[in-house]
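> Mind looking at a prediction? Sequence and model below.
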Amino acid sequence: MEDRLAVLEARLRELEDDREIRELLARYGYYADAPLDEEYFGLFTEDCVMDVSAGRGEDPYEIVRWEGLAQMRRFLSERTAQHDNGFYGRSFHVQGNNLAVKVTGDDAVANGYSFIFHQDGPTLKLLSASLNEWAFRREQGRWKIQMRKRRMAGAPDAKEVLRATE
């Protein structure tokens with residue numbers, strides 16, 4: 001009986017972890033769009049990494065990278081990736097599409113697609129479509145984002161990014 005209970009508890013924890021990670025990704029988008037900057041930064045570990053395809057310029061696959069919360073704050077204050085003041089309140093960050101999640105103890109990884117839409121008057125425009133690898137760490141009982149690797153379709157490492165949960 002104890003073995004069955006332990007198995008059920010482990011399965012329940014796995015389902016709860018999956019649900020918490022999915023909600024974390026939803027909050028990521030909500031906080032980015034609101035803007036709720038402090039809440040947004042609260043989703044990340046202190047040693048977080050944002051590793052993204054530039055998406056424009058001579059090499060749209062060029063990697064732009066920020067490491068740690070201080071650099072993340074600078075990223076947001078610079079309003080890169082079209083995150084200027086006109087972006088807030090009219091954007092929709094949509095994460096977690098086709099999401100696959102793998103949890104190993106207090107670490108987890110997820111793969112999925114993301115989209116950014118922008119309301120421009122009566123027109124809704126797709127600004128970005130990408131594939132993602134997310135790394136999470138449970139800190140003090142709460143899941144946080146440790147790393148986001150975001151790539152445009154066709155990026156040289158797209159296959160590796162989408163296979164992280166295998």
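Yes, it's here. Numbers count the residues shown, from 1 in each chain.
> Go ahead and name everything in contact with the helix or strand of the chain with the lowest mean pLDDT.
Every helix and strand in the chain was compared by mean pLDDT, DSSP states H and E; the lowest is helix 68-78, with a mean of 83. Residues outside helix 68-78 that contact it (C-beta atoms under 8 Å, 6 or more residues apart in numbering): 37, 40, 41, 44, 46, 47, 48, 50, 66, 83. To be clear about C-beta, it is placed using only N, CA and C from the backbone, and glycine gets the same treatment.
> and residue 33, what is it in contact with?
Counted by C-beta under 8 Å, 6+ apart, residue 33 has contacts 88, 89, 91, 92, 93.
> hang on, the last one in a strand?
Yes - using DSSP: H, G, I helix; E, B strand; the rest coil, the assignment for residue 93 is a strand.
> Dig out what it forms beta bridges with.
Using DSSP bridges, the bridge partners assigned to residue 93 are residue 116.
> I figured it hits residue 114, correct?
Yes - between residue 93 and residue 114 there is a contact under C-beta atoms under 8 Å: 7.1 Å.
> Between those two, tell me which one has more neighbours.
More crowded of residue 93 and residue 114, by other C-beta atoms under 10 Å: residue 114, with 21 against 18.
> circling back: from the contacts of helix 68-78, which is closest to residue 9?
Nearest to residue 9 among those, counting by C-beta to C-beta, is residue 44 at 29.1 Å.
> Test my guess that that closest one contacts residue 147.
No - judged on C-beta under 8 Å, residue 44 makes no contact with residue 147 at a distance of 9.3 Å.
> any residues in contact with both of the two?
Residues touching both residue 44 and residue 147 (C-beta under 8 Å, 6+ apart): there are none.
> Quickly find the element holding residue 6.
Using DSSP states H and E, residue 6 sits in helix 2-33.
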